[in-house]
Each structure stands twice: as structure tokens, then as C-alpha cells.
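In: Generate coordinates for the sequence data below:
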Amino acid sequence: MTVGIVITNKEGIAMAADSVQTITTENGHEKTYPYANKLFAVSYGHSIGIMVYGNANYYGIPWETLIKLHRKKIANKTYNYVEEYAKDFLNFIETTPVSIEDQKIYTYKSFLGFHFLIKRELDLITYGGEQQGGEMPQKNTTEEIFKHLAKLLTSYKENVENSNVDDSKYIKSILGEKNVIQDMNNIYGDYYNSFKEPIDAITDIYFKKIMHQRSGFVIAGYGEKEMWPIVTEIILSECRNNKLMYIFKKDENTNGRVFTYAQSEMVHTFLYGLSGELLRETQNIISTHCSSKAEKETILNQINEIVDSNLDQTFEVIKILQKPQLASMAETLVNITSFKETISFDMETVGGPADVAVISKTDGFIWIKRKQYFDAALNPHFNSQSL
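Out: Just a heads-up that it's a prediction; the model follows:
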């Protein structure tokens, strides 16, 4: 996982990212490694940065490699708008050759990985973790699993993205070449016999453009004709039938804004003054124990007003921060997310040294902090332009 931060105002843009990379194996196991690079200059001499989060590679090619190859391709070419830089990068990825066979293999493995992760969630409900051989359930969890699968199904129905590819027939054609029922039995075991209907319903939703194994790219800065910072985002999945699945977003409202990517809980806690989980629990308690509807609405409105007031004050201050303060705030938000994971029992998927950069219209892309895996004194031929 990752935490990526972008903070913007009229002075410029601060971008910061942690350094932990999470690798997920084909059977759903995860392992983390430190010192991954996630923040880059799109091209030196341009006021544009790119940050990557999510899946770490594209058909086995690390994103760092592809981003730096794109940098060589774009060279000194300039665009009037940030959106054009983002679409140039997208076009570069679309034209990166991937064989039809590799596409099919990846799509199939992605489908299996999607279900492996759901199965792990069911194990967590039933056994308190992944099932071990011969282990008995801790309790009767049939009803709880049905509720969980129903919640997943509702969530997927609400969040099926309108991507650029209609791929349901393509996926079904690939899966038709495999023994899907056997695969589902191998993944879910007894779960599939007991909960076949909701699992099959989730599979049907998967066919409707659920983008699994995503990579996200934040491309932010200034085009030649843009005076204010622009933030764009590309959410990219696999290549299916020679068509790249992606979603493109653009945000021009950037004066006094904080954008968070991947893990955002601690950043939201800082901005709102309390965690989202605590806010939801407080609202639930009030809804449960207030007998009067009017009283309940009054209390909830007062809480929302306090939260909104805290948020508004924070954003007003962000609007007037100078470039060094923007950088310091972005780095701090990365570090508090990392520290929160250090003192929890969850796997640490955020951490390592934070890379930080500031982008302004006049100064361009400036590194504030940048880790290196080598001693710069021993490599005088390698300069900052290569980073």
C-alpha cells in the first residue's frame, strides 16, 4: 500500500510519498519491502510531477522503469496543459507492447486474485485469520458471512466504474477456456457450497468492469498556459483485448486543497479533528440512544458544524502557506500515517523515508527530500536529472 499526499495553493504544489512497497502473490499472500521510489519528475525543465500508488508494476515491468523511459521520450517537449502531459503518459503506456497471451494470463490471474482476497476476508470472520489445516471455526458465522458478502455485493454494485472498456464478454471468453467452477472450489473450499449464490453474484459484478490490481498515477503541476496548479489522476488496470482499462480524473479547484491517495484515514483524522471511524460510531450511538428524532438531528448537526468548522479553518491556513511549509506539511502527513501503523497490529504497509518535492510555476520541479540507494560521491556520473 502507499500514502501519497498532494497539497496545493497559489504558491505551488507539494507532493510526498512513503517508500514501502507491498507485493501480493498469486495466492493472495502479501509481503512488504522498503525503499521503493513512488515520486518522480515527469521531465526536468517542466513544472510537472508524477506519483504512483497501488500495483507496483505493469505486466512485470516496474512503474519506475516505465516512468523514466517516458521521461526520455518526452525529453524537452512541452504542453500547454497538465491534462496533455497526463494523456501523453497514458498514450505511452497504451503503446507499450503486451502480447495477447500475456493479457489473457494477467486477466485470469487478476480474477483469481480478486477471489483470493475475498476468501481471506471470510477466513478472518470464521477463524480469526487464514484457515489452517484441520482448524475448526471459532463460532457459527454463517449469518455474519452472508451479511459480509451482501455488503460486498452492494459496495461493488455502487462502485462499478464507468471505465473506457466494455470487457465483460472478453473476460467471460477467457474464463470459458478454464475450469472456473473447479477454480472457485479450490479457492473457497466449503465456502463455495454454502455461499455459492452471493459469491456468483459478486463474480457477475466483477465482469462489469471492476478494475482489480489497480495502479494509480497523480500527475500534477503547470502547463505552459496554466497559472494555477492542476491535479490529474489516472486509475489504471490491465490491458484487455489490446485495450488499456483506465479512469481519468482532473481537478482544477486547487487553492488550499489536500489530496490523499491510497491510505487516507490518518490524514482525514488530522483534517477533520477526529477519525472517520470515531465519527461514525458517535453518530450510531446518538441514533440509537436518542428517543426524539428532533434531538438526534440537533446533536448530529452540531457535531457536523464543529467538524466542518475545523476543516474550513485548516483549509484557510493552507491557502496562505509558503512553499517550505507546504513541503513540511506534506511530509508530516506521510509520517503520521507511517507512525500510526508502527503502533498498530496491522502489517506496516506505509513507512520508510518520505520523498518530498515542491512544484511552482517559476521554479519548476524541486526536490526537498529524495532517498538514494547508492552513495552519490561514488557515482559522479549520476546526477539529479536521472532521478
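In: what's the host helix or strand of I205 packed up against?
Out: Secondary structure from DSSP states H and E places I205 in helix 196-207. Contact partners of helix 196-207 among helices and strands, from 3 or more Cβ pairs under 8 Å, 6 or more residues apart in numbering; DSSP states H and E: helix 100-127, helix 142-159, helix 168-175, helix 180-188. Bear in mind the C-beta positions are built from the backbone N, C-alpha and C, glycine included.
In: Repeat the analysis, applying 6 Å as the threshold.
Out: Packing partners of helix 196-207 (3 or more Cβ pairs under 6 Å, 6 or more residues apart in numbering; DSSP states H and E): helix 142-159.
In: can you map out the helices along the stretch 151-300 of the chain?
Out: 168-175, 180-188, 190-194, 196-207, 265-272, 276-289, 293-318 (DSSP state H, counting those that start in this stretch).
In: ah, wrong one, I meant the stretch 1-150 of the chain
Out: 63-74, 82-94, 100-127, 142-159.
In: which one of these lies closest to K340?
Out: Nearest to K340, of all the helices of the stretch 1-150 of the chain, is helix 100-127, at 20.6 Å by Cβ to Cβ.
In: Output the longest strand belonging to this structure.
Out: Identified as the longest strand of the chain according to DSSP state E is strand 230-240.
In: Pull up the pairing partners for it, direction included.
Out: strand 215-221 (antiparallel), strand 243-251 (antiparallel) (DSSP bridges).
In: follow-up on the earlier one: quick one, which of the helices of the stretch 151-300 of the chain is nearest to I336?
Out: Among these, helix 265-272 comes nearest to I336, with 5.3 Å by Cβ to Cβ.
In: and the angle from that closest one to helix 293-318?
Out: For helix 265-272 against helix 293-318, the angle by axes from the mean of the first three to the mean of the last three Cα atoms, to 10 degrees is 90 degrees.
In: So which residues make contact with helix 265-272?
Out: T260, S275, G276, V307, L311, T314, L333, I336, T337, K340 (Cβ atoms under 6 Å, 6 or more residues apart in numbering).
In: again, only this time at 8 Å
Out: With Cβ atoms under 8 Å, 6 or more residues apart in numbering as the contact definition, helix 265-272 has outside contacts at 3, 5, 258, 260, 275-277, 279, 307, 310-311, 314, 333, 336-337, 340.
In: Give the buried residues for the helix holding I205.
Out: Going by neighbour count (16 or more other Cβ atoms under 10 Å), the buried part of helix 196-207 is P198, I199, A201, I202, T203, I205, Y206, F207.
In: Which of the contacts of helix 265-272 has the largest number of neighbours?
Out: Within the contacts of helix 265-272, most neighbours by other Cβ atoms under 10 Å means V3, with 30 neighbours.
In: In the sheet, which residues pair with it? Tell me.
Out: A262.
In: Assess the claim that it and I336 are in contact.
Out: No. With contacts counted by Cβ atoms under 8 Å, V3 stays clear of I336, the gap being 9.3 Å.
In: Chain neighbours aside, what residue packs nearest to N55?
Out: S215 (4.4 Å; Cβ to Cβ, 6 or more residues apart in numbering).
In: Off-centre distance for the longest strand of the chain?
Out: Distance of strand 230-240 from its chain centroid, counting by Cα atoms, centre = their mean, to the nearest Å, is 11 Å.
In: Next, count neighbours for N9.
Out: Around N9 there are 23 residues (other Cβ under 10 Å).
In: Least confident of the strands paired with strand 230-240, on average?
Out: Comparing mean pLDDT across the strands paired with strand 230-240, the weakest is strand 243-251, with a mean of 86.
In: if we can go back for a sec, redo the buried residues of helix 196-207 as TSV? Include distance to I61 and pLDDT.
Out: Below are the buried residues of helix 196-207 laid out as TSV (distance: Cβ to Cβ, whole Å; pLDDT from 0 to 100):
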residue	distance to I61	pLDDT
P198	36	90
I199	33	90
A201	35	86
I202	30	84
T203	29	81
I205	29	74
Y206	25	74
F207	27	67
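In: Looking at the residues you listed, which one is closest to I234?
Out: Y206 (21.5 Å).
In: quick one, the longest strand of the chain and helix 82-94 angle?
Out: Computed by the same axes, to 10 degrees, the angle between strand 230-240 and helix 82-94 is 20 degrees.
In: can you pull the pLDDT of the residue nearest the centre of the chain?
Out: The centre of the chain sits closest to A262, judged by Cα atoms, centre = their mean, with a distance of 3.4 Å. On pLDDT, A262 comes in at 87.
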